[in-house]
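J.: 3D model of this:
(one chain, ligands or ions: 2)
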Amino acid sequence: MTDCIFCKIIRGEIPCTKVYEDDAVLAFDDIHPMAPVHVVIIPKTHVATLMDVDAKEGTIGRLIAAAQEVAGIKNVAASGFRTVVNCNADGGQVVFHLHMHLLGGRKLEDQMG
Ligand code: 5GP
Ligand code: ZN
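T.: Ligands and ions are numbered 1, 2, ... in the order given. Model prediction:
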């Protein structure tokens, strides 16, 4: 997708602070962090939303595996963290390239929205 902001980050056309990368996934610090640790984890293949991903192929598992790596790198595996995938308008999705937020580094609010 030529005009997708996260595809541009994957292609190196927009800079990011990389946290983790493998053949399928890229993770980078969120530009507007909501917590001391706020990482965005994306598949390298463009998928618009959670509803568009084929849950029976590997993408979701690769995102979870990357989240485990990121939690270790950011030292929040033991203290804890939250993962969030926003989907479409009511879910608050702004960037239409599937992504998982990983938030931690402080006690997060109990509310889910
Ligand atoms: P959404 O609301 O779509 O779930 O979250 C999109 C996230 O991407 C937001 O938290 C926003 O701060 C982050 N974001 C948007 N554009 C950029 C960017 O160019 N660089 C980085 N690092 N994060 C971005
Ligand atoms: Zn994209």
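
J.: C-alpha only now, for contacts and for neighbours.
T.: Noted.

J.: Mind naming the longest helix for this structure?
T.: The residue-count maximum for a helix in the chain (DSSP state H) belongs to helix 59-73.

J.: Check which helices and strands it is in contact with.
T.: Helix 59-73 is packed against strand 18-21, strand 25-29, strand 37-43, with contacts defined by 3 or more CA pairs under 8 Å, 6 or more residues apart in numbering; DSSP states H and E.

J.: could you give the angle of that helix to strand 25-29?
T.: Interaxial angle of helix 59-73 relative to strand 25-29 (axes from the mean of the first three to the mean of the last three CA atoms, to 10 degrees): 40 degrees.

J.: excluding its backbone neighbours, what's nearest the residue most central in space within the chain?
T.: With distances taken as CA atoms, centre = their mean, Ile41 lies nearest the centre of the chain, 2.5 Å away. The shortest distance from Ile41 to any non-neighbouring residue, by CA to CA, 6 or more residues apart in numbering, is to Ala27 (4.2 Å).

J.: Let me see the contact set for that neighbour.
T.: Lys18, Val19, Tyr20, Glu21, Val39, Val40, Ile41, Ile42, Ala66, Val70 (CA atoms under 8 Å, 6 or more residues apart in numbering).

J.: How about Gln93?
T.: Asn86, Cys87.
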